[in-house]
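Asks: Have a look; sequence and predicted model below, questions after that.
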Amino acid sequence: GPVTAVDASKDGLKLLVGTGSGTIGVLDVPTHQHATLVRSHNDITYGLALDPHNREFATASCDGTVRVWELDGSNEQIVEFEIG
């Protein structure tokens, strides 16, 4: 789907990309590697935020969830919050 949200790490080495289909991508700028999260959202991703230490990031979606993910290469989901 179309890109609906983008956030960059403080050092500019990682980009998070959210899409209209709910997919979340992590782009490693120096290596041009892209990882798509297997389990992302079921609706539009409208918010992304990286922690200032580049260890975790949060995503928000129209599916009513906010999720927190590892940013260590595994991109594992840590927690999910149901909103609304």
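Replies: Noted; the coordinates are in hand. Numbers count the residues shown, from 1 in each chain.

Asks: Run a quick neighbour tally on residue 59.
Replies: Using other C-beta atoms under 10 Å, residue 59 has 25 other residues around it. For every residue, glycine as well, the C-beta is placed using N, CA and C.

Asks: just how off-centre is stretch 26-41 within its chain?
Replies: Taking the mean of its C-alpha atoms, stretch 26-41 sits 9 Å from the chain's own mean (C-alpha atoms, centre = their mean, to the nearest Å).

Asks: buried set for it?
Replies: Buried positions in stretch 26-41, judged by neighbour count with 16 or more other C-beta atoms under 10 Å: 26-27, 37, 40-41.

Asks: okay, now the closest residue to residue 17 other than its chain neighbours: neighbour count?
Replies: Distances taken as C-beta to C-beta, 6 or more residues apart in numbering put residue 25 closest to residue 17, at 4.3 Å, once the chain neighbours are dropped. As a burial measure, residue 25 scores 18 neighbours (other C-beta under 10 Å).

Asks: Ranking helices and strands of the chain by mean pLDDT, which lands last?
Replies: strand 33-36 (a mean of 89; mean pLDDT, DSSP states H and E).

Asks: Give me the residues contacting that one.
Replies: Strand 33-36 has contacts (C-beta atoms under 8 Å, 6 or more residues apart in numbering) with 23-28, 75.

Asks: do the same with stretch 54-67
Replies: Against stretch 54-67 from outside (C-beta under 8 Å, 6+ apart): 7, 9-11, 13-14, 16, 18, 22, 24, 40-51, 68-72, 77-84.

Asks: Kindly recompute the last result at 6 Å.
Replies: With C-beta atoms under 6 Å, 6 or more residues apart in numbering as the test, stretch 54-67 has contacts from 9, 16, 22, 24, 41-50, 68-69, 71, 77, 80-81, 83-84.

Asks: Which neighbours in the sheet does the least confident helix or strand of the chain have, and how are they oriented?
Replies: strand 24-28 (antiparallel) (DSSP bridges).
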